[in-house]
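A.B. asks: Got a predicted structure plus its sequence, pasted below:
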Amino acid sequence: MTPTRNTFLFLFFLILLTLSLIGIVESGPVKEPVKVVVIGIYDGDTLTTRFGDGSSSSIRLRGICAAELREPNGKESRDRLAKLLREAKEVTVLPSGKKSWGRIVGDVFVDGKKITQEDVGPILGKGLEFCGK
């Protein structure tokens, strides 16, 4: 008895389904920044965004270490980030694939330029401890 084309297709899809269920087949990391809408700013290194599919998430800026809000310069750092984002024509996020306290860690770009430490102010307060400075 010779296997038919339908048998091969069935086995192929069964294998594909099995691999996807155990996590071997993945979509892979995002390689290009994704356009987002900023819907909130928590502090100098955390913001909340809405993606094109309607979902939202907190984003922790990768490599940015801002003071906590209750620490000296915490509010100033948040306000600097807010001003930068408010004046932006386009905001994009490139997720790193990591998470921190439930937030997506990633690079955030304003009109094509990556937000840097200098944009939000000096590393102060607990930021020194968390950033290994």
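C.D. replies: Here it is on my side, so go on.

A.B. asks: how about the nearest residue to T92, chain neighbours excluded?
C.D. replies: Spatially, and ignoring its direct neighbours in sequence, T92 is nearest to P33 (3.5 Å; CB to CB, 6 or more residues apart in numbering). The C-beta positions use only the backbone N, C-alpha and C, and glycine is treated the same way.

A.B. asks: same check, this time on K75
C.D. replies: L69 (6.1 Å).

A.B. asks: Check E76 too.
C.D. replies: Using CB to CB, 6+ apart, the closest residue to E76 is G121 (6.3 Å).

A.B. asks: ok, now which ones touch that neighbour?
C.D. replies: Residues in contact with G121 (CB atoms under 8 Å, 6 or more residues apart in numbering) are G44, A66, A67, N73, E76, S77, R80.

A.B. asks: Check the gap between F109 and W101 for me.
C.D. replies: 22 Å (CB to CB, to the nearest Å).

A.B. asks: So for those two, which sits in the more crowded spot?
C.D. replies: Using other CB atoms under 10 Å, the more surrounded residue of F109 and W101 is F109, with 18 against 8.

A.B. asks: tell me which element that one falls in.
C.D. replies: Here F109, judged by DSSP states H and E, is contained in strand 103-110.

A.B. asks: Can you point out the buried residues in that strand?
C.D. replies: R103, I104, V105, G106, D107, V108, F109, V110 (16 or more other CB atoms under 10 Å).

A.B. asks: pretty sure the fourth one is touching K99, no?
C.D. replies: No. Using CB atoms under 8 Å, G106 is not in contact with K99; the gap is 10.0 Å.

A.B. asks: after the strand holding F109, next one along is what?
C.D. replies: strand 113-114.
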